[in-house]
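Chemist: Using only what follows, build the 3D model:
(one chain, ligands or ions: 1)
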Amino acid sequence: MEDMRKNGVQVPDLGVNIGSLQLANPVMTASGTFGYAREFENLMNLQSLGAVIVKGISLHPREGNPPPRIVETACGMLNAIGLQNVGVDRFISEKMKYLAALKVPVIVNILGDSLAEYQEITERLAGVPGVSGIEVNISCPNVKKGGVAFGTDPAMAAAVTDTVKKKADVPVMVKLSPNVSDVTLIARAVEEAGADSISLINTLIGMAIDLQTRRPVLANVIGGLSGPAIKPVALRMVYQVAKVVSIPVIGIGGIQTAEDALEFMLAGATAVQIGTANFVNPGVSEEVVEGIRAYAVNQNLSSISSLIGGLQLPGQLL
Ligand SMILES: Cc1cc2nc3c(=O)[nH]c(=O)nc-3n(C[C@H](O)[C@H](O)[C@H](O)COP(=O)(O)O)c2cc1C
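Modeler: Just a heads-up that it's a prediction; the model follows:
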């Protein structure tokens, strides 16, 4: 991390380290909201990103749920896409070449219905050029255990983490579900199982009803709530998790502006991911990077990482 001055003004270092993964800045795109990055190449400068996280990849291609699959809600949206994706083999053969040529780290989000599936995907991704990290979505149902999500049980979350870690040749980030009563139990379990970092939150489970038809709006009945509506919940969970683990934490949930991102960093996040906001403004991530830079200049920070966990609690203000 260099301390540079330009015309007497501090040029801040926006770099952050997620374990061994070095990012030029703390802004990543959240899985499922940025396609496979190419979709955004004419809408923004992809090189401005700290990292790209691609749509969740499963062992076999998935068609996802029938429509309607998304609905707008107050300050957010519900989605029940059903993890539609091209499957790991087509992802590697059709998408990775383009992604590997980007000058930013690419993190592959993976999902599975069984431990064997998580293992198989990780094995296939090992050695693929351009893959800088794996993000493990544990919000998926475990078909062998009656459909209970891996992410809601500490032992199951640990088992997925351990399985992926044993086969991965890149750092492993485990993405937590907020649909639990105590997220710190899951966070500690995945840290103990070897996770290199933790990202949170995935979507909160919600529902919308059409009064005219008296039917659920989503064909799947329930869906995942995202967007600004969930930011306070996400911020609270990041704060709680960052206090109990010693691995880096990545904040996700309702981030739309540099100010939102900086709040997550003060709460303990080393980096952030931007999701739903990409649908509103495809160039938002680049704008957030610039906003973070402006804040760092304004605050005369030599390094943005000095902000991580810098929240001033009432007792410490005295
Ligand atoms: C349309 C849509 C698709 C998503 N797909 C995935 C996915 O494939 N894997 C995953 O881990 N999270 C997925 N997510 C969750 C986001 O990555 C993110 O965790 C969540 O939306 C909260 O962030 P946000 O409020 O900034 O959108 C998806 C979210 C949306 C809105």
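Chemist: Quick check, pLDDT for the nearest residue to Asn300 once chain neighbours are set aside.
Modeler: Among residues not flanking Asn300 along the chain, Gln10 sits closest, at 5.3 Å (C-beta to C-beta, 6 or more residues apart in numbering). In short, each C-beta sits where N, CA and C put it, glycine included. Gln10 is assigned 72 on the pLDDT scale.
Chemist: Next secondary structure after whichever strand or helix holds Gln10?
Modeler: Take DSSP states H and E as the rule and Gln10 turns out to sit in strand 9-11. Using DSSP H and E, the helix or strand that follows strand 9-11 in sequence is strand 16-18.
Chemist: Quick one: residues in contact with that next one.
Modeler: Outside strand 16-18, the residues that touch it by C-beta atoms under 8 Å, 6 or more residues apart in numbering are 22-23, 25-26, 50, 133, 171, 173, 196-197, 248, 250, 270-271, 304-305, 308.
Chemist: What pairs with that strand, parallel or antiparallel?
Modeler: strand 21-23 (antiparallel) (DSSP bridges).
Chemist: Do you have the helices of this structure handy? List them.
Modeler: Along the chain, the stretches classed as helices by DSSP state H are 88-90, 96-101, 115-125, 154-167, 183-192, 231-244, 258-266, 277-280, 284-298, 314-317.
Chemist: CSV please, covering those and showing mean pLDDT, distance to Val221 and mean neighbour count.
Modeler: Output for those, formatted as CSV (pLDDT from 0 to 100; distance: least, C-beta to C-beta, whole Å; neighbours: other C-beta atoms under 10 Å):
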stretch, mean pLDDT, distance to Val221, mean neighbour count
helix 88-90, 98, 29, 17
helix 96-101, 97, 34, 15
helix 115-125, 97, 25, 20
helix 154-167, 97, 24, 20
helix 183-192, 98, 25, 20
helix 231-244, 98, 22, 20
helix 258-266, 98, 30, 21
helix 277-280, 97, 22, 18
helix 284-298, 98, 30, 19
helix 314-317, 73, 43, 6
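Chemist: Using JSON lines, lay out these together with distance to the ligand.
Modeler: Output for the helices of the chain, formatted as JSON lines (distance: least, C-beta to the nearest ligand atom, whole Å):
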{"stretch": "helix 88-90", "distance to the ligand": "13"}
{"stretch": "helix 96-101", "distance to the ligand": "16"}
{"stretch": "helix 115-125", "distance to the ligand": "13"}
{"stretch": "helix 154-167", "distance to the ligand": "13"}
{"stretch": "helix 183-192", "distance to the ligand": "13"}
{"stretch": "helix 231-244", "distance to the ligand": "7"}
{"stretch": "helix 258-266", "distance to the ligand": "9"}
{"stretch": "helix 277-280", "distance to the ligand": "6"}
{"stretch": "helix 284-298", "distance to the ligand": "10"}
{"stretch": "helix 314-317", "distance to the ligand": "28"}
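Chemist: Would you mind giving these as a markdown table with distance to Val54 added?
Modeler: What follows is these, written out as a markdown table (distance: least, C-beta to C-beta, whole Å):
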| stretch | distance to Val54 |
| --- | --- |
| helix 88-90 | 11 |
| helix 96-101 | 7 |
| helix 115-125 | 11 |
| helix 154-167 | 16 |
| helix 183-192 | 21 |
| helix 231-244 | 21 |
| helix 258-266 | 20 |
| helix 277-280 | 13 |
| helix 284-298 | 14 |
| helix 314-317 | 40 |
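Chemist: The ones you listed: which one's closest to Pro67?
Modeler: Closest approach to Pro67 among those (C-beta to C-beta): helix 277-280, 16.3 Å.
Chemist: distance between that closest one and the chain's centre?
Modeler: Put simply, helix 277-280 sits 15 Å off its chain's centre (C-alpha atoms, centre = their mean, to the nearest Å).
Chemist: What is it packed up against?
Modeler: Using 3 or more C-beta pairs under 8 Å, 6 or more residues apart in numbering; DSSP states H and E, the elements in contact with helix 277-280 are helix 284-298.
Chemist: Let me know the angle separating the helix it packs on from helix 258-266.
Modeler: Inter-element angle recorded for helix 284-298 and helix 258-266: 70 degrees (by axes from the mean of the first three to the mean of the last three C-alpha atoms, to 10 degrees).
Chemist: where does the chain come near the ligand, residue by residue?
Modeler: 30-33, 55-56, 79, 81, 83, 109, 137, 175, 202-203, 226-227, 230, 252-255, 274-277 (C-beta under 6 Å from any ligand atom).
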